[in-house]
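>>> When you get a sec, could you give me coordinates for this:
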Amino acid sequence: MAEIQNTLAAEQVRSARALLQWSQGDLAKAAGVAVSTIADFEKGQRVPIVNNLSAMRGALEAAGVRFSPGGASLLQQLSLFLMSEATGAELQVGYTEEAFTAVGVLLSVFGKVEGEKAFIEPVQMATAALKQDLERLVVKHSATVPQLHQLKKFVYVLRDDEFFLVLPDRADTTAEQLERERLVYRLNHPNEPHEPGGARDLFGLLFTRYDMSSPRTDRPTVIGKAPRARLKCRFCGRTAADGATFKSAAHAIPTALGNDHLKLANECDECNNFFGRQTEPSLVAMLDIQRAFLGTQGRGKKDGRPELQFAEGKVFHDGQKLTVASKEVARDETTGTISVQLGKGSPMVPIAAYKALVKIVLSVIDARELPHLRRTIEWLRYGRHHGQILPTVAASIVDFSPNPSAQIAVYRRKDEASRLPHVIGEFRLGCFIYVFAVPLSDRDSWDLIGFFDDALFRDTFKHYALVANWSQHDLNGQAKIFLAPRINFVPRKP
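Residues are numbered from 1 along each chain as shown. Model prediction:
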């Protein structure tokens, strides 16, 4: 028997399609069902099975339709983008006519409403009066506009009288986003001198040539959300109609690297299993020592912190301190340096580690870029173009805050034609940073070998010049190797 939420009448489907101006074919494609299923249902010839009814309803609701016993109505959509010094939030409010009054009151808090037009003041201050107004709004209207709870939470954590922004649109470019961040900072620090150069000199050229995105990993974030019937795997391109399933949690960054929040809805189970077996273990093995030093939490025993076994010793972190034990320990009496030889450790395949880094980028990059990366996906998922020589990965240690969870930043070139790489990934695990180019893009005109030392790249990514002691890692190897790390403990200079 169908559950009440899956009950759908033929008349509701016809009304919903009319509201959306969808054909039967449009709905069939969105829901992943046959056109004949919808046509026969609307004619009253047969009732679809429960799964198909659920898929049809989910597709229509995802497009903004709300069902009631009397028919269907189209949700109106309001988007507000909130920005403070510390964080940002997107408020998406879908509402019907009965909630129009509540939405009007909400908008009047940040500006004024005249008829059906709203005028929002972009610069706002978290005053005590504003917080009281939001409290009253939540009490009176949260039943019809539950997103008011999210708005209240955003404002209530701000300092009293702290400035923040309320904007109707996302920033179109990274440069525009940077300008918004500068504005918020200047509003809250009016007495601090503002140099004409500074960040603009360092990043101005970069954000003229590239857009940058860096999804948050400190709170639940799901990329590619849609009803399952409409999901399309971003790696193999299959849908539920093709037999793909989307039941397992697909992590954009492996959980062993501290990520439990950033996930993909549009990675099918088969691809998820493939990457979990073929690529990700090599990246995790390559970063074993770094994970142990940071106390990075994954899953498993001892709060998921790594306990590494080597032929000559072991390394583990208990959440408070790092322990290194080895049979091979030597001390240089002149310098005081202690050298610890650990012996053979976990196996890895170098090219698989490179693929795992690229997979992270492809997991979070704007889906509109994926057609340009078709050959990259073929190389990553199906092993094609295996003769491609990869550029080296640049690595260093930087003075970042000691966040043991991995972070990813993606730089996407704006210009169609340029010697600069189309896509650059910047992977960070605590103080360890790795910069690499995504290979095989159809927007790159060369093999990118030596890109990191290219004059145009250096001139664009000026902030990398501030980091000392970059090393270059060749991950072209296709044979399994065993890492045998040696750790040197050097006395701190007084």
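>>> What about Ala484, how many residues nearby?
Other residues lying near Ala484 total 13 when counted by other C-beta atoms under 10 Å. The C-beta positions use only the backbone N, C-alpha and C, and glycine is treated the same way.
>>> for Lys153, that is, sorry about that
Neighbour tally, Lys153, other C-beta under 10 Å: 12.
>>> what's it in contact with, if anything?
Not one residue lies near Lys153 by C-beta atoms under 8 Å, 6 or more residues apart in numbering.
>>> Return the set of buried residues in whichever strand or helix holds it.
Element membership for Lys153, per DSSP states H and E: helix 148-156. Buried residues in helix 148-156, counted by 16 or more other C-beta atoms under 10 Å: Leu148, Leu151, Lys152, Phe154, Val155.
>>> Distance check, Asp303 against Glu42.
According to C-beta to C-beta, to the nearest Å, Asp303 stands 55 Å off from Glu42.
>>> Those two: who's more crowded?
The residue with more neighbours, out of Asp303 and Glu42, is Glu42; 16 against 12, by other C-beta under 10 Å.
>>> So that one sits against Ala28, correct?
No: judged on C-beta atoms under 8 Å, Glu42 makes no contact with Ala28 at a distance of 11.7 Å.
>>> about what we covered before: show residues contacting the following helix or strand past the helix holding Lys153.
Following helix 148-156 in sequence order, the next helix or strand is strand 163-167 (DSSP H and E). Residues outside strand 163-167 that contact it (C-beta under 8 Å, 6+ apart) are 80-85, 110, 120-126, 155, 158, 180, 183-184, 187-188.
>>> ok, now stretch 119-135?
Residues from elsewhere that reach stretch 119-135, judged by C-beta under 8 Å, 6+ apart: 80, 107, 109-113, 148, 151-152, 155-156, 158-168, 187.
>>> Of those, select the buried ones using a ChimeraX command.
Selection of buried members from those for ChimeraX, criterion 16+ other C-beta under 10 Å:
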select :80,107,109,110,148,151,152,155,158,162,163,164,165,166,167,187
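>>> returning to what we had before: got a quick ChimeraX command for the buried subset of the contacts of strand 163-167?
To isolate the buried members of these in ChimeraX, using 16+ other C-beta under 10 Å:
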select :80,81,82,83,84,85,110,120,124,126,155,158,180,184,187,188
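>>> Among the contacts of strand 163-167, which ones are in strands?
Of the contacts of strand 163-167, the ones assigned to strands by DSSP state E are Leu80, Phe81, Leu82, Met83, Ile120, Val123, Gln124, Met125.
>>> Might you report the residue contacts of the fourth one?
What it means is Met83. By C-beta under 8 Å, 6+ apart, the residues touching Met83 are Phe164, Leu165, Leu167, Arg180, Glu181, Val184.
>>> try 6 Å
Shown in contact with Met83 (C-beta atoms under 6 Å, 6 or more residues apart in numbering): Leu165, Arg180, Val184.
>>> what does the third one give?
With contact set as C-beta under 6 Å, 6+ apart, Leu82 has these partners: Ala89, Phe154, Val166.
>>> lowest-pLDDT helix or strand in the protein?
Using mean pLDDT, DSSP states H and E, the weakest-scoring helix or strand in the chain turns out to be strand 71-74, at a mean of 68.
>>> Flag every buried residue along stretch 336-350.
Val340, Gln341, Leu342, Gly343, Gly345, Met348, Val349, Pro350.
>>> next one: stretch 432-450
Neighbour counts over stretch 432-450 (16+ other C-beta under 10 Å) mark 432-441, 443-444, 448 as buried.
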